[in-house]
Each structure stands twice: as C-alpha cells, then as structure tokens.
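Novice: build the 3D model from these lines:
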Amino acid sequence: MTATEFLQEYTKAKLRLIELNMQLQRVRAKMEGCNPGLVTFSTSRNTYLSDKLQQEFEQYQDLELSLKDKRAACRRTMRQVRLAISNVPDPRLRSLLEYRYIFDRDWKWIAEQLHSNPSTARGRLHYQALNAFEKIIIDMKHRMC
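Specialist: Down below sits the predicted model:
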C-alpha cells in the first residue's frame with residue numbers, strides 16, 4: 001500500500017463511519033418499534049405475534065452488534081492514520097498531511113496556512129510529506145513483524 005493509499009483510507013473510513021452511524025440509528029428506531037418487552041398478549045395468536053417480534057428484535061440486536069464492530073474497525077483505521085501522521089518529524093509536512101487528508105482542506109487554504117503558494121504546497125511540499133510519511137509506514141510495518 002502506498003502512502004497516498006494509506007492516507008486515503010482515513011477518508012474512506014470516515015465516510016464509512018458516517019454511513020454506519022446512520023444505519024445504526026435506523027436499526028435502533030426499528031428496535032424501539034418491535035421491543036417485545038413492551039408487548040403483552042394473552043391469546044395464542046398474539047403469543048405467536050409476540051414470538052415473531054422477539055425474533056425480529058433479536059435480529060436487530062445482532063445487526064446492532066455487527067454495526068458496532070464495523071464502526072470500531074473504522075475508528076482503528078482512522079487512529080492508525082492519525083498516529084502515522086503524528087510521527088512525521090517535520091511539523092510543516094505533518095501539518096500539510098493533516099490539513100489535506102484529515103481535514104479535507106483545499107490546496108489554496110493549505111498554502112495560506114503554510115505561508116506558501118498553492119503550486120509549491122501541492123507539488124514540492126506534498127511530495128516531501130508523502131516521502132516522509134512513506135518512511136513512517138515502512139518503519140511501522142517493520143516494527144509489527
């Protein structure tokens with residue numbers, strides 16, 4: 001995985017996290033609608049309905065757990081990217097990576113913050129930042145082995 005691909009994983013994970021949060025809200029709303037603890041019936045037909053609600057509620061609970069696991073995986077990915085960026089030794093290059101990949105800033109804004117022009121920020125500084133970041137990733141992979 002290249003440095004750019006690794007950095008783009010942050011954006012993908014962030015978007016996936018938003019999507020998972022929306023799914024989780026929908027599941028929780030459905031769980032509230034079929035909570036078997038709120039329903040008490042006495043006839044056999046209603047008991048069947050209650051059992052069906054119980055099954056549906058349990059399915060929603062399983063789905064909720066699955067969504068929570070996926071959210072945790074997204075957060076881990078985001079944390080790994082932030083950690084790798086924080087290890088870039090040059091504060092100017094580190095800021096460039098944060099602005100671009102964590103905060104989704106455009107090159108003009110980044111250049112203003114770095115007291116540079118947009119073509120320099122997008123060209124030379126970005127290239128230097130990616131090279132520094134690549135070294136960090138390689139070092140992290142070697143430490144994990």
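
Novice: okay, now Q61: neighbour count?
Specialist: A total of 12 residues lie near Q61 under the criterion other Cβ atoms under 10 Å. Where you see a C-beta, it was placed from the backbone N, CA and C, and this is true even at glycine.

Novice: ok, it - contacts?
Specialist: For Q61, the contacting residues are M31, by Cβ atoms under 8 Å, 6 or more residues apart in numbering.

Novice: equivalent analysis for the one 3 residues further on, please.
Specialist: E64 makes contact with 24, 27-28, 31, according to Cβ under 8 Å, 6+ apart.

Novice: for the residues you listed, which one is nearest K14?
Specialist: Distance ranking of the contacts of E64 against K14, using Cβ to Cβ, places L24 first at 15.6 Å.

Novice: state the mean pLDDT of the helix or strand harbouring that closest one.
Specialist: Using DSSP states H and E, L24 maps to helix 3-33. What helix 3-33 shows for mean pLDDT is 88.
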